[in-house]
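Engineer: Sequence and predicted model, in that order:
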Amino acid sequence: MTHYVCMVQEGQTAAASVEPLTRGLERVAEEMFGDDPAELEIRWVTIPAGYGFTAGKPSTSSLVVRSVPPGLDQDRRVAFMKSVCDLWQDVTGCSLNEIVVTAYDGPLPI
């Protein structure tokens, strides 16, 4: 099973946009890796207000981590991460500085 873990800040647009982001992550998984959306596990973690900070101010950033096939070539890795960044920006209106995407080789240690 393929896993995503998405950490979003309480009260931010991403936390209120779970459904369209989920559908987008499923689409990216299918297009990039041929994944069946029914075989994906997407875990959403909401960071409570006052618990996430960037440069001493409440954070507006999201973090997306996904397991990818070990040894995934750099071009596909970059294309995947760009697709997720584009999705996040389109759905939430966030800046590129407010989304962090990680492509983790092999199963996530969750």
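Structural biologist: Cool, got the structure. Just so it is clear, the model here is predicted, and its values are computed rather than measured.

Engineer: Now do Lys57: how many residues are near it, please.
Structural biologist: Using other Cβ atoms under 10 Å, Lys57 is surrounded by 7 other residues. Placement of C-beta: from N, CA and C, glycine included.

Engineer: Quickly list what it is bridged to.
Structural biologist: Thr54 (DSSP bridges).

Engineer: Centre-most residue in this protein?
Structural biologist: Nearest residue to the geometric centre of the chain (Cα atoms, centre = their mean): Val64, 2.7 Å.

Engineer: Now do the buried residues in the lengthiest helix in the chain.
Structural biologist: Using DSSP state H, we find that the single longest helix of the chain is helix 74-92. Residues of helix 74-92 classed as buried: 77, 80-81, 83-85, 87-88, 91-92 (neighbour count, 16 or more other Cβ atoms under 10 Å).

Engineer: helices or strands up against the helix or strand just after that helix?
Structural biologist: Where DSSP states H and E defines the elements, the next helix or strand beyond helix 74-92 is strand 99-105. If contacts are counted by 3 or more Cβ pairs under 8 Å, 6 or more residues apart in numbering; DSSP states H and E, strand 99-105 sits against strand 62-68, helix 74-92.

Engineer: for strand 99-105, which positions count as buried?
Structural biologist: Result for strand 99-105 [16+ other Cβ under 10 Å]: buried residues 99, 101, 103.
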